[in-house]
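In: From the sequence below, what's the structure:
(chains A and B)
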Amino acid sequence: MNGSPSHGFWAEAWRRYRRRPLAMAALSFVGFLVAVAILAPAIAGTKPVLCRYKGKLYAPCLGYFDRRLEPVIFTKDKFRGEYPRNLQEKDPDSWAIWPIFFQDPYRSVRADEWPGRPANPSRDEGRPSRMNPFGTDQYGVDVLAKMVHGTTVALLVGFLSMGIAGTIGIIVGALGGYFGGWVDMLTSRITEIVMCVPTLVLILALVAIVDKPTIWKTMAIIGCTGWTGIARLTRGEFLRLKSSEFVMAARAAGAGPLRIMLRHILPNALAPILVPITFGIAAAILMESSLSFLGFGPPPPAASWGSLLNSARSNLAMWWLVVFPGTAIFLTVLAYNLIGEGLQEATDPRLREARK
Amino acid sequence: MATYLVRRFFLAIITLLAITFIVYGLARNMPGSPLTVQLGEVDPSRKLSAEDQERLKEIYGIDEKTPWYVGYATWLGNLARGDLGRSFSRKQPVTTLIGERIGPTFLVSGISLLLTWLIAVPLGLYATARSGTADERGTSLLLYVLYSFPTFVAALFLQIIFAVWLRGTRWELPLFGMTDLPADANWPTRVADVARHAILPIVCQTYVSLAWYSRFIKANMEEVMRQDYIRTARAKGAGRWRVLLHHAFRNTLIPLVTLLGLSLPALIGGSVIIEQIFTWPGMGRLFFESIRERDYPTIMGLTLMFSVLTLLGQLLADLLYCFVDPRVSVE
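Out: Have a look, this model is predicted:
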């Protein structure tokens, strides 16, 4: 009773998390990646962020998110993706706000596409230069632009596949832990079977089944194979909490099993479950880039960091195809691992007591 | 004990049946068949005519008329007679193929596991002894960074350094394969050549597990160091290293020993990615190739082996646990 207001569990955990500089640095790095992913078309691209053409305002850069978002008028007027010259020629009164970095993630920039700018070098001549800070790949596509646009994939893979894995894992674990008996027997057995098949074996087999691999299917596959650890942990937490007094009280008050599981047990079990989910995000990003690296990823135009590494394998003299995307993957994985560790230290009371 | 083993055995059989059933179903439902994939990729003109395909499919017993679960039953029947079948693409019995690949994989993973233990245990102890000091924090951070470093990125970095930048110097290391020598080379040069080829794969496989193991050891040591008996040992005047080794480390052996059991599948199963990057002729690469070639018998043989190893490893871990900790009983 020292008079200071008592904080909730999460506020307390956040306070403790904030004290760890490395974990905070990792968190801001992920924030930076989110910003890069959202602003990717404005950072690197050859399509104007905003332009006025024939009296109307357009945002052609949205075409990088989805082809259908690119205004039809530019296709009709036969721009063929080359905006700077065409804008000037077809409407001298037009103006445009350009991306910070004039390079395209899907094609090589030609000579004078931007007035006075040389064409991208291709093959092993594309070493880092002023025009291409991270170099270009075999076909002359800029590596930095590819990496900026590949950030979306790296982030989505982590969030979506762990979202899937977390959902499956929590449902399976919660059912087994709460109901026990034959339900537990069944769910534990299923978990064990999935656990026994080496992850990469299962994923490679699943990816091979999918006829046309897309990034979404890869995410779904990673999610559907990565839930076992979460399920086991959730089961343990539910098993522990279901006999606690507050659950007994809720049951006495007439709450149904679903309500008890969702409203009473899950919020109390969430902290320890979040830790493996965060580590799982790192593992999922690693898995996606390994798959792309092995050539099992989505087909070429899709920009993923792992596929850049794959293209480096045919010519190792192009070291810039390894160093930059490799470092990006490494830093992202490291960031998520650090966040997971910070979360663990901030929420696990056993570790907290150890520090005293 | 006997009843426990029997129960474990039957549970393992059920698990194995489920795993092989699922993987067989997956394998048979992949687009393409061993006949079309393999020949079509090498040379489009060598694609089989429809009649030839039908004829071959009948010979191999993979025609579409019989559903895949019948094929699974056939595979299971052959397995019961100790026959894993013949590889479609390599025209060799699967057991021979696996036998050929175990050696190279074990060479890399065995040495790597040994190195890991030899370095990780002293490192973990050192980190506990110097816990909280600047040099311990530096080492721990470095290990953590290493742990997050993706193997395939590290492998590519090493390849660029040792095979491209250092080409022509005496530090150059070979990029691919296990040996460049003809089969009739005498054995000392052969051993030296294989060793040179194995260095990079071994380094890649070691550094990740090294980081993981030493962190694991340190975490366990910290847990033990908080126990009352450590305080007692200190109070009675035992030296610092004696407390660390004799009183604390011995008690962390239990989780370590179970870890040894769980590393069994990786020891023989190898790493798909490392073997693929270095074209090392091991089990992981065989699995990768068999998936690409839709070589059903090989996929199944390897899956069966991986799963048996995983289950055996778990059993071994549990048994070792009882062995090192008499308080725990299998019943």
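
In: tally of neighbours for B:Arg196?
Out: Using other CB atoms under 10 Å in any protein chain shown, the number of residues around B:Arg196 comes to 14. Quick note: C-beta positions are derived from backbone N, CA and C, even for glycine.

In: I figured it hits B:Pro174, correct?
Out: Yes. Here B:Arg196 lies in contact with B:Pro174, judged by CB atoms under 8 Å, at a distance of 6.1 Å.

In: Find the nearest non-adjacent residue to A:Gly229, please.
Out: Closest residue in space to A:Gly229, ignoring its immediate chain neighbours: A:Pro276 at 5.2 Å, by CB to CB, 6 or more residues apart in numbering or on different chains.

In: number of nearby residues for the one you found?
Out: Neighbours around A:Pro276, by other CB under 10 Å: 22.

In: Check which helix or strand it maps to.
Out: helix A:266-294 (DSSP states H and E).

In: got a list of what the spatially closest residue to B:Phe176 that is not a sequence neighbour touches?
Out: In this structure, B:Phe176 finds its nearest non-sequential neighbour in B:Thr279, 4.3 Å apart by CB to CB, 6+ apart. Residues in contact with B:Thr279 (CB atoms under 8 Å, 6 or more residues apart in numbering or on different chains) are B:176-177, B:285.

In: List buried residues within those residues.
Out: Buried by 16 or more other CB atoms under 10 Å in any protein chain shown: B:Arg285, out of the contacts of B:Thr279.

In: Keep only those of the contacts of B:Thr279 that are in strands.
Out: With strands defined by DSSP state E, no entry of those lies inside them.

In: Out of the contacts of B:Thr279, which comes closest to B:Leu11?
Out: Distance to B:Leu11, by CB to CB, is smallest for B:Arg285 among the contacts of B:Thr279, at 31.6 Å.

In: Would you state the predicted confidence (pLDDT) at the residue nearest to that closest one when sequence neighbours are not counted?
Out: Counting by CB to CB, 6+ apart, B:Arg285 lies nearest to B:Glu275, which is 4.0 Å off, once chain neighbours are set aside. B:Glu275 carries a pLDDT score of 89 in this model.

In: Quick check: the gap between B:Glu275 and B:Gly269.
Out: For B:Glu275, the distance to B:Gly269 (CB to CB, to the nearest Å) stands at 10 Å.

In: List the residues that contact the residue nearest to A:Gly229.
Out: A:Pro276 sits in contact with A:229-230, A:233, A:340, where contact means CB under 8 Å, 6+ apart.

In: and what of B:Thr116?
Out: By CB under 8 Å, 6+ apart, the contact set of B:Thr116 is B:206, B:209-210, B:213.

In: who wins for neighbours among those?
Out: Of these, with other CB under 10 Å as the count, B:Tyr213 tops at 24 neighbours.

In: Quick check, that one in contact with B:Leu118.
Out: No. When contacts are counted by CB under 8 Å, B:Tyr213 is not listed as touching B:Leu118 (10.6 Å).

In: Please enumerate the shared neighbours of these two.
Out: Contact criterion CB under 8 Å, 6+ apart; residues shared by B:Tyr213 and B:Leu118: none found.

In: in the helix holding A:Pro276, what's buried?
Out: Judged by neighbour count using 16+ other CB under 10 Å, the buried positions of helix A:266-294 are A:266, A:268-294.

In: and if you look at stretch B:311-331?
Out: Across stretch B:311-331, burial judged by 16+ other CB under 10 Å covers B:311, B:313-321, B:324.

In: same question, stretch B:92-111
Out: By neighbour count on 16+ other CB under 10 Å, the buried set for stretch B:92-111 is B:93-94, B:97-98, B:101-102, B:104-109, B:111.

In: and B:Val42, what pLDDT?
Out: 51.

In: Find the least confident helix or strand in chain B, judged by mean pLDDT.
Out: The weakest-scoring helix or strand in chain B, judged by mean pLDDT, DSSP states H and E, is helix B:34-42 (a mean of 58).

In: packing partners for the strand or helix carrying B:Thr252?
Out: Following DSSP H and E, one finds B:Thr252 within helix B:250-262. On a contact count with 3 or more CB pairs under 8 Å, 6 or more residues apart in numbering or on different chains; DSSP states H and E, helix B:250-262 meets helix B:187-225, helix B:296-324.

In: rerun that using 10 Å as the cut-off
Out: Contact here means 3 or more CB pairs under 10 Å, 6 or more residues apart in numbering or on different chains; DSSP states H and E; on that basis helix B:250-262 packs against helix B:94-129, helix B:187-225, helix B:296-324.

In: Need those in CSV (columns: mean pLDDT).
Out: Below are the helices and strands packed on helix B:250-262 laid out as CSV (pLDDT from 0 to 100):
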stretch, mean pLDDT
helix B:94-129, 89
helix B:187-225, 86
helix B:296-324, 85
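
In: how about those in TSV, adding distance to A:Gly169?
Out: Below are the helices and strands packed on helix B:250-262 laid out as TSV (distance: least, CB to CB, whole Å):
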stretch	distance to A:Gly169
helix B:94-129	29
helix B:187-225	22
helix B:296-324	19
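
In: Indicate which one of these is closest to A:Thr75.
Out: The closest of those to A:Thr75 is helix B:296-324. By CB to CB, the value is 45.9 Å.

In: and the angle for the closest one with helix B:94-129?
Out: Between helix B:296-324 and helix B:94-129, the angle comes out at 40 degrees (axes from the mean of the first three to the mean of the last three CA atoms, to 10 degrees).

In: Spell out which residues are contacts of both of B:Arg196 and B:Pro174.
Out: Common contacts of B:Arg196 and B:Pro174 (CB atoms under 10 Å, 6 or more residues apart in numbering or on different chains): B:Asp180.

In: any chance you could read off phi and psi for the residue in the stretch 1-150 of chain B positioned nearest to chain A?
Out: For the stretch 1-150 of chain B and chain A, the shortest gap (CB to the nearest CB) falls at B:Ser148, measuring 3.9 Å. Backbone torsions for B:Ser148, taken as degrees, to the nearest 10, come to phi -90, psi 0.

In: who are the neighbours in contact with it?
Out: Here B:Ser148 is in contact with A:282, A:286, A:329-338, B:208, B:211 (CB under 10 Å, 6+ apart).

In: Out of these, which is nearest to B:Thr232?
Out: Nearest to B:Thr232 among the contacts of B:Ser148: B:Ala211, at 33.0 Å, using CB to CB.

In: for that closest one, what are its contacts?
Out: Counted by CB under 10 Å, 6+ apart, B:Ala211 has contacts B:116, B:120, B:123, B:140, B:142-149.

In: redo that, cut-off 7 Å
Out: B:143-144, B:146-147 (CB atoms under 7 Å, 6 or more residues apart in numbering or on different chains).
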